[in-house]
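Quick one, fold the following:
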Amino acid sequence: MTTAVAAPFRFFSLQVVRTRRLGPSLVRVTFAGDDLVHFHSQGRDQSLSLFIPAEGRIEPAVPIELGDGWWQAWRELPDGIRAVMRSYTLRALRRNPDEIDIDFALHGVEPGAAAPAGPASRWAARACAGDRVLLLGPALADNRAIRFRPPEDTDLVLIWGDQTAVPAATAILESLPATTRVRAWLEVPHAGDIQDVTTLADAHIEWMVGDTATEAVRGARLPSAERPYVWIAGESGRVKELRRHFVGERGIDRRRVTFVGYWRQGLTEEQLRVADE
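Numbers count the residues shown, from 1 in each chain. Predicted structure coming up:
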């Protein structure tokens, strides 16, 4: 069953068709479903809300039959029944057949991890064909959940992302035309997480292992540009720190800086959602 929520977004009922481990800390899950014929996006950093079943359940419990009242009703469902919601980025959309890819950053699933894995990491690490999810995503290709929007006069694109932003950053890089100059810093926990990125852009991509990318940005000598555009995403505190650097220290117009806090150190997504209300 599908229910329109608020155009241009709607629910999509999907199932896993396959998974592929991209590295020690990243797994790609491919989803399909009849609903995807109505899914449209221009890609880049398209944000999605994914609902996975609560631990021990098969179907994600989200009262979509209530239309616009689904959100409050979902929040009021008991723990252990209520579907787990997490925000992710569309990695790829394909037609014939209709499929989408979502890349999951895995935290705490490896033996001896410092902190236990959260529900989304546990789900993604053991996902298999047939597993069912709900997705709140776009029915219109150009929508407000796409944040990467460089002005037409941009002559240099600067990108920074931590592990959680790598799927969005690599999707952005793959979408850029040959005339675009790009400097990108991407941070991953392990060398095995480094990916090959195919892009037409004139791109210099630095992969950084560990928490070193912010220092690399600060020390970087940037190509000359009159109208740069900056996209930074990842842990909220570091994103804000880098925004101050680009605006305050590099002198870039704040209106040409897009910054997105995907997560906040020490808070779960549920706690972050409450904190932001």
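
switch to C-alpha atoms for all contacts and neighbour counts from now on
Will do.

C-terminal to the host helix or strand of Leu48, which secondary structure element comes first?
Assigned by DSSP states H and E, Leu48 belongs to strand 47-52. Sequence-wise, the next helix or strand downstream of strand 47-52 (DSSP H and E) is helix 70-76.

Residues contacting that next one from elsewhere in the structure, which ones?
Contact partners of helix 70-76, identified using Cα atoms under 8 Å, 6 or more residues apart in numbering, comprise Ala61, Val62, Pro63, Ile64, Arg82, Ala83.

Serialize those to TSV and add fields for neighbour count.
Converted to TSV, the contacts of helix 70-76 look like this (neighbours: other Cα atoms under 10 Å):
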residue	neighbour count
Ala61	20
Val62	22
Pro63	19
Ile64	20
Arg82	22
Ala83	25
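
low-scoring stretches of the stretch 101-250 of the chain, by residue?
108-117 (pLDDT under 70).

who's in contact with Pro53?
Pro53 is in contact with Glu59, Pro60, Ala61, Ile81, Arg82, Ala83, Val84, Arg132, Val133, counting by Cα under 8 Å, 6+ apart.

and it, backbone torsions?
phi -60, psi 150 (degrees, to the nearest 10).

same deal with the one 3 residues further on?
When read as degrees, to the nearest 10, the backbone of Gly56 gives phi 90, psi 0.

All the helices of the chain, residue numbers only.
70-76, 119-126, 166-175, 213-219, 236-244, 269-276 (DSSP state H).

Ranking the ones you listed by mean neighbour count, which comes first?
Greatest average neighbour count among the helices of the chain goes to helix 166-175 (a mean of 22), per mean count of other Cα atoms under 10 Å.

elements contacting it?
For helix 166-175, the elements it packs on are strand 84-94, strand 156-161, strand 181-188, judged by 3 or more Cα pairs under 8 Å, 6 or more residues apart in numbering; DSSP states H and E.

Now with 7 Å, please.
Here helix 166-175 touches strand 84-94, going by 3 or more Cα pairs under 7 Å, 6 or more residues apart in numbering; DSSP states H and E.

center of this structure - which residue?
What sits nearest the mean C-alpha location of the chain, by Cα atoms, centre = their mean, is Thr89, with 3.0 Å.

Understood, closing this out.
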